[in-house]
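K.L.:
fold the stuff below for me.
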Amino acid sequence: FLFLVLPVLEIYLLKVAFDAFGGSSLTGLYLLPTSAFLVQFITYILCLLALVRERAQGTLARTFVAGYSRLEVVAGYTIAYSVLAVLISLETLLAGMAFFALSLNLFQALGAFVTFWLLGVASLAMGVLFSSRARSEGEVVSYIPAVILPSILLSGMVIPLVQLPAWANALGYLVPLRYAIPVLNSLVLARYSLVSQIIPLSPLVLWVAAFLLLAGFSLPGDAAQETGSTNPKIVLVAALVVAIVLGGGWVWYQSAHFVQTDNAFVAGKPVVVGPTRLSTLSALKVETGQEVQAGQEVALLLQPSSSSQDLPVPLFAPVPGLVIDHLPAGTLVMPGQPVVTLVDPSQLWIQANVPEDQASRLKPGQKATVHLDECGGTFPGLVTALVPATASFVGGQPLNNATVTFTKVAQTIPVKITPIALPPGCRLLPGLSAEVSVRLN
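P.N.:
Below you'll find the model as predicted:
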């Protein structure tokens, strides 16, 4: 009973913590990933303790005496505890939607529920695997950090994956939560449905299948008492073939239906404010990073006049925006020289430099998913334009291959992606690095 009440209590405590640290700005990025972690944690602890207790009481040994194989025992435990995983997943999702007023349509809620449930089954597999190494319930405690800490640190839930060392990033592929978080973020931030996330969920399904097989072979049992058990070598070969087929299918699907690049950044057209005559910057009325409104005075200039005194001339912001650069007071300003440089955050976009051999597959109107480390998550975008020139040519430095020995240099085509809906608390800043995935169909 406690494990059925615990999800609701933990989601409520999560609500209290979110309200204390930022309220709604944290909901879109962290609610479902944190809820998924809670489902995994509760299911893992429950299964780990229950299976060790059944071993200690001799229940597991009696199943082998009755003639069941290891894989049949794991299948039985999976079916039984999957019902509990369903209840925990459903409770966690409904509590999160109620306490946080999270609006999800039926297909998005179903996608989150299926992802939660798969994590619950993954926790069951890990519970069977580690329980086979524990001799008592007290020894189980040492196996709790082995799953919980990597789930927190290596899944991308707390620390962005790009900030992890290479070895830690590679180790994170053993963490099932790593595969669930992108799917959950797509459901909430990009507003995708369950159908569109079936293929992205396949690595998690493969992970669950592989660990269930591994858990089956790890169960302690008397081989002489097992009857009709499957040859482990055959099962391992079959599992390897399935993994290769699914892995190859996943790579093919990604290459056939998406164009992806990490050569992207936040771009925009800066607005410069400067004089038309030779002037001296007498006073600066703004600071770097300050938000200004259209028509707001940003600087005071002194310009020579026919009289003995210089003429004070104010400079005004022509558009609303953020101050990203300015000259220091006292500077002698030439005609046309920028005194204050502004950028309008509402007019920023994502420039993705796509390899030239893939640019022909893109066209305006295609949906895109953008990841920004600054925002800690993803958000949806729309391809709005393809620049009819290479990025090097637009940048003013076209590559010259007219050498004695011709060497082909791969080029990239700039693609403009307009953000559709930013996550709460996310603000675009010019120059931020981004990762872009464009859905072709």
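
K.L.:
where in this structure is pLDDT low?
P.N.:
The model of the chain has pLDDT under 70 over residues 1-4, 22-29, 132-137, 162, 188-199, 218-251, 253, 376-377, 395-409, 441.

K.L.:
the strands in it, which residues?
P.N.:
For the chain, applying DSSP state E gives strands covering 258-267, 271-273, 279-284, 291-292, 297-303, 311-316, 321-326, 332-333, 340-343, 349-355, 367-372, 377-386, 412-419, 433-439.

K.L.:
go through those strands and name the closest to residue 57.
P.N.:
Nearest to residue 57 among the strands of the chain is strand 377-386; the distance by Cβ to Cβ comes to 45.4 Å. For every residue, glycine as well, the C-beta is placed using N, CA and C.

K.L.:
list the buried ones in stretch 416-429?
P.N.:
Within stretch 416-429, the residues scored as buried using 16 or more other Cβ atoms under 10 Å are 416, 417, 419, 422, 423, 424, 426, 428.

K.L.:
grab the nearest non-local neighbour of the first one.
P.N.:
Spelled out, it's residue 416. Spatial nearest neighbour of residue 416, excluding adjacent residues (Cβ to Cβ, 6 or more residues apart in numbering): residue 385 at 4.1 Å.

K.L.:
what's around the one you found, how many residues?
P.N.:
12 (other Cβ atoms under 10 Å).

K.L.:
for the one 5 residues further on, same thing?
P.N.:
Each residue near residue 390 was counted by other Cβ under 10 Å, and the total is 19.

K.L.:
show me what contacts the residue nearest to residue 256 when sequence neighbours are not counted?
P.N.:
The spatial neighbour of residue 256 that comes closest, neighbours along the chain excluded (Cβ to Cβ, 6+ apart), is residue 440 at 7.8 Å. Contact partners of residue 440, counting by Cβ atoms under 8 Å, 6 or more residues apart in numbering, are 256, 257, 258, 259, 361, 362, 366.

K.L.:
so which of the residues you listed are in helices?
P.N.:
Mapping the contacts of residue 440 onto helices (DSSP state H) picks out 256, 257.

K.L.:
which one of the contacts of residue 440 has the most neighbours?
P.N.:
In these, the most neighbours by other Cβ under 10 Å go to residue 259, 22 neighbours.

K.L.:
how much space is there between it and residue 151?
P.N.:
Residue 259 sits 31 Å away from residue 151, going by Cβ to Cβ, to the nearest Å.

K.L.:
what about the longest helix in the chain?
P.N.:
Secondary structure assigned by DSSP H gives helix 24-57 as the longest helix of the chain.

K.L.:
by contact count, what packs against that one?
P.N.:
For helix 24-57, the elements it packs on are helix 2-21, helix 59-65, helix 70-99, helix 106-131, helix 137-140, helix 144-153, helix 176-188, judged by 3 or more Cβ pairs under 8 Å, 6 or more residues apart in numbering; DSSP states H and E.

K.L.:
closest one to residue 303 among those?
P.N.:
helix 2-21 (50.4 Å).

K.L.:
contacting residues around the closest residue in space to residue 117 that isn't next to it in sequence?
P.N.:
Once its chain neighbours are removed from consideration, residue 117 has its nearest residue in residue 89; the separation is 4.7 Å (Cβ to Cβ, 6+ apart). Residue 89 makes contacts with 39, 113, 116, 117, 119, 120, as judged by Cβ under 8 Å, 6+ apart.

K.L.:
which residues touch the second one?
P.N.:
Counting by Cβ under 8 Å, 6+ apart, residue 113 makes contact with 89, 90, 93.
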